[in-house]
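Trainee: have a look at this prediction, sequence included:
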Amino acid sequence: MTKKPGVIARLIDNAVGVFSPKAAFNRKQYRGLLSQDKRSAQYAAAKTGRLTGDWSPIDAGINDIVRASSPAVRARVRQLVRDFPVFTRAVQVIIDNAIGSGIIFQSRVTNPAGDNINEKICNQIEDAFKFWADEADIAGQLHYYELMELAKRQELETGEFIFYKRRSRSARRYLPFALQLIEADWLTGNPTTTIPSNHKIDQGVEYVTATGERVAYHFADPDGWGRSIRVPAAQIIHGFQTLRPGQLRGISSFAPGVLIAHDLSEYLDAEIDTAKMAAKYLAFVTRADPAGRTSLLTDGTGDDAGKKIDEIENAIIEYLSQGEDIKIATNPRPGSNFPPTVKLMISMFSATTNVPYELLSFDYSGLTYSSSRVSRNDFVHYIKPVVVRHIRRFATPTFKPFLESAVMNGRLTLPGFFANPAPYYKAEWQPPGMESIDPLRESKATISEIDALIRSPQEVALARGRDYQTLIQEIKRAKQLQKDAGLEVVIDSTSTANNPAAVAGQKADGSKIEVRTQGVADDLEALLIEILDRVDTITPTA
């Protein structure tokens, strides 16, 4: 058996110490200095000292951590979403800003040259998608965009969403292709089916050992008494945020905030219960009778210990002795530290969920335009990758099989689709936009950027949740409706808006007053014309 270098060194030191204790002491001292030099070469975060001696975190593989943690994390997050308002609000804010009423599909198929949109093909694909979206759920209950929202909710609560691409045999359906959302809890790590020797199953996911390629998913059959169902991976859409290489299952992004939210919930309950109990006691009556001899002379009801208690509506007066001295009960709860403590804990929870504090708490006190702008911009930067990931993990994997099913079932005729379907997969997914904090100020800045050719109108419309092409068509139709109704809309310039005296008026006969805003004299002239016209229309009274 080989001895460790440290053991051998101590043996030598002991042997030397028999003949020369000083030499043995010097050897130990120099060895300690050498060991200290080696420790000083570490990162400060890796050193072990008085304050970090008991800090020994477990650094396991990502799948080991998720496997051991996901059941408890799922249960706790679901319970907090059900019962704790701040947690519920965090989930809803992310869903509202990332999904809203749906990330709207828009076909963007181009002509063969690739320079213009093929309007005819795009309209055909979009119309077919709208028909199918109404029945995308195989159960016939949810619209496609409702499934999209539910998938995001599942990802926030459980860390992942799972869709089974099914085929319905119902003749009433527009397409046989449909989606079935499956709970993540159905994945089982104890399958009853056999797998090849070069495959492995972990948390219900079957994959190739050498490459990590997903091959199949194993679900526990709710009606199968322990049996499992093996579904090929090609029929499953499994979405989650990948945190480390080789990760097979997702974990809720709210996991770091679970303990904070739980502590905050218990703190609020304890503080509120204490305040409620303290508020019930109106006063205490004390008696100079330690032996309690006069307690038998009192009337009224008593508590379990036999003490007399009078209740006055929602207040309680407790009699202790005769010769009473009434003292009004004070109720200092919640204390002065309660509001800042709650705000601090909500702020910490806000940091874990990336949802701004004011959106979680509805506390908008102290906000200025600048701080609101910074907060919104930070939230927008967080939401953008969330939306893109949802498009990649849900929208695109569901759109492609829809389009294939539509072509195969004769609902769409797309030339050359089976030879090269890629041109027909071109699409844009329009996420919900955000309203401006100060529309007038931001609109002026946006117009200046468009005039300077550093921003396009399409980008502005996209940021507000609108498609620019659809917006232009709506404006065109609105102008045509105004023209058909005999209306003429006058758009004031900036100088007109800043000078109310320059606003165009209306003559008595309905004709428009031409107002020029080049100078103050012209503005005054227009104002005088308007006044004279109104004076002429006044009918004298008898």
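Mentor: Everything's here; your move.
Trainee: so what's Lys38 scoring on pLDDT?
Mentor: On pLDDT, Lys38 comes in at 55.
Trainee: any idea how many residues pack against Ala184?
Mentor: When neighbours are counted by other C-beta atoms under 10 Å, Ala184 registers 22. Using the backbone N, CA and C atoms, a C-beta is placed for each residue, glycine as well.
Trainee: next up, the contacts around the closest residue to Arg74 other than its chain neighbours.
Mentor: Counting by C-beta to C-beta, 6 or more residues apart in numbering, Arg74 lies nearest to Thr158, which is 4.9 Å off, once chain neighbours are set aside. Contacts here follow C-beta atoms under 8 Å, 6 or more residues apart in numbering; on that basis Thr158 touches Ser70, Arg74, Val77, Arg78, Glu183, Ala184, Asp185, Gly250, Ser252.
Trainee: of these, buried ones?
Mentor: Buried by 16 or more other C-beta atoms under 10 Å: Ser70, Arg74, Val77, Ala184, Gly250, Ser252, out of these.
Trainee: out of those residues, name the ones that lie in helices.
Mentor: Among the buried ones among the contacts of Thr158, DSSP state H puts Ser70, Arg74, Val77 in helices.
Trainee: pLDDT for those - can I get that in JSON lines?
Mentor: Formatted as JSON lines, these follow (pLDDT from 0 to 100):
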{"residue": "Ser70", "pLDDT": "92"}
{"residue": "Arg74", "pLDDT": "94"}
{"residue": "Val77", "pLDDT": "94"}
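Trainee: now the residues you listed in JSON lines, with distance to Lys120?
Mentor: Shown next, in JSON lines, are these (distance: C-beta to C-beta, whole Å):
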{"residue": "Ser70", "distance to Lys120": "48"}
{"residue": "Arg74", "distance to Lys120": "47"}
{"residue": "Val77", "distance to Lys120": "47"}
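Trainee: so where do the strands sit in the stretch 251-400 of the chain?
Mentor: Along the stretch 251-400 of the chain, the segments classed as strands by DSSP state E, counting those that start in this stretch run 281-286, 308-312, 315-319, 325-328.
Trainee: er, the chain I mean
Mentor: Ranges of strands in the chain, per DSSP state E, are 104-107, 160-167, 177-182, 199-202, 205-208, 214-220, 228-232, 236-240, 281-286, 308-312, 315-319, 325-328, 427-430.
Trainee: what pairs with Asp137 across the strands?
Mentor: Leu179 (DSSP bridges).
Trainee: what's it in contact with, if anything?
Mentor: Applying C-beta under 8 Å, 6+ apart, the residues near Asp137 are His143, Tyr144, Glu146, Leu147, Ala178, Leu179, Gln180, Leu181.
Trainee: for those residues, which two are the farthest from each other?
Mentor: Maximum pairwise distance among the contacts of Asp137 (C-beta to C-beta): 14.7 Å, between His143 and Gln180.
Trainee: distance check, the residue lying closest to Val386 once chain neighbours are set aside against Pro356.
Mentor: Counting by C-beta to C-beta, 6+ apart, Val386 lies nearest to Ala98, which is 4.9 Å off, once chain neighbours are set aside. Using C-beta to C-beta, to the nearest Å, one gets 14 Å for the distance from Ala98 to Pro356.
Trainee: list the contacts for the closest residue to Gln180 other than its chain neighbours?
Mentor: Spatial nearest neighbour of Gln180, excluding adjacent residues (C-beta to C-beta, 6+ apart): Tyr164 at 4.3 Å. Listed by C-beta under 8 Å, 6+ apart, the contact partners of Tyr164 are Leu179, Gln180, Leu181, Ile182, Val231, Gln235, Ile236.
Trainee: quick check: ChimeraX command selecting the buried ones in those residues.
Mentor: Selection of buried members from those for ChimeraX, criterion 16+ other C-beta under 10 Å:
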select :179,181,182,231,236
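Trainee: want to try TSV for the contacts of Tyr164, with distance to Leu11 as columns?
Mentor: Shown next, in TSV, are the contacts of Tyr164 (distance: C-beta to C-beta, whole Å):
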residue	distance to Leu11
Leu179	71
Gln180	70
Leu181	67
Ile182	64
Val231	63
Gln235	66
Ile236	62
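Trainee: tell me the one among the contacts of Tyr164 nearest to Ile195.
Mentor: Closest approach between the contacts of Tyr164 and Ile195, by C-beta to C-beta: Val231, at 13.2 Å.
Trainee: is it true that the closest one touches Ala216?
Mentor: Yes. The pair Val231 / Ala216 is scored as a contact, 6.2 Å apart, by C-beta atoms under 8 Å.
Trainee: for Val66, give its distance to Gly410.
Mentor: According to C-beta to C-beta, Val66 and Gly410 sit 44 Å apart.
Trainee: who has more neighbours out of those two?
Mentor: Val66 (23 against 7).
Trainee: report the contact partners of that one.
Mentor: Gln203, Gln247, Leu248, Arg249, Gly250, Ile251.
Trainee: residues near the spatially closest residue to the second one that is not a sequence neighbour, how many?
Mentor: When you say that, I think you mean Gln247. Excluding the flanking residues, the one nearest Gln247 by C-beta to C-beta, 6+ apart is Ile62, at 4.9 Å. Counted by other C-beta under 10 Å, the residues lying close to Ile62 total 16.
Trainee: list the contacts for Ile62?
Mentor: Here Ile62 is in contact with Leu243, Arg244, Pro245, Gly246, Gln247 (C-beta under 8 Å, 6+ apart).
Trainee: pLDDT value on the first one, please?
Mentor: Right, the one you point to is Leu243. With respect to pLDDT, Leu243 has a value of 92.
Trainee: the one 3 residues further on too?
Mentor: Model confidence at Gly246, expressed as pLDDT, equals 92.
Trainee: try Ser443
Mentor: Here the pLDDT value assigned to Ser443 is 78.
Trainee: from what I see, it and Ile437 are in contact.
Mentor: No. Checked against C-beta under 8 Å, the pair Ser443 and Ile437 is beyond contact range at 11.6 Å.
Trainee: that older thread, and which of the contacts of Ile62 is nearest Ile472?
Mentor: Nearest to Ile472 among the contacts of Ile62: Leu243, at 42.2 Å, using C-beta to C-beta.
Trainee: burial measure for the closest one, as a count.
Mentor: 13.
Trainee: now the residue lying closest to it once chain neighbours are set aside: how far from Tyr145?
Mentor: Once flanking residues are discounted, Leu243 sits nearest to Ile62: 6.6 Å by C-beta to C-beta, 6+ apart. Computed as C-beta to C-beta, the Ile62 to Tyr145 distance reads 32 Å.
Trainee: ok, now Gly204?
Mentor: Distance, Gly204 to Tyr145, by C-beta to C-beta: 28 Å.
Trainee: please apply the same query to Asp451.
Mentor: Relative to Tyr145, and taking C-beta to C-beta, Asp451 is found at 36 Å.
Trainee: more neighbours, the two?
Mentor: Tyr145 (17 against 9).
Trainee: which residues touch the closest residue to Ile182 other than its chain neighbours?
Mentor: Nearest in space to Ile182, with sequence neighbours left out and distances taken as C-beta to C-beta, 6+ apart, is Ile162 at 4.6 Å. Taking C-beta under 8 Å, 6+ apart, we find Ile162 in contact with Leu181, Ile182, Glu183, Ala184, Trp186, Leu187, Tyr217, Ile236, Ile237, His238, Gly239.
Trainee: quick one on the thing from earlier: least confident of the strands of the stretch 251-400 of the chain, on average?
Mentor: strand 308-312 (a mean of 60).
Trainee: show me the contacts for Ile236.
Mentor: Ile162, Phe163, Tyr164, Lys165, Tyr217.
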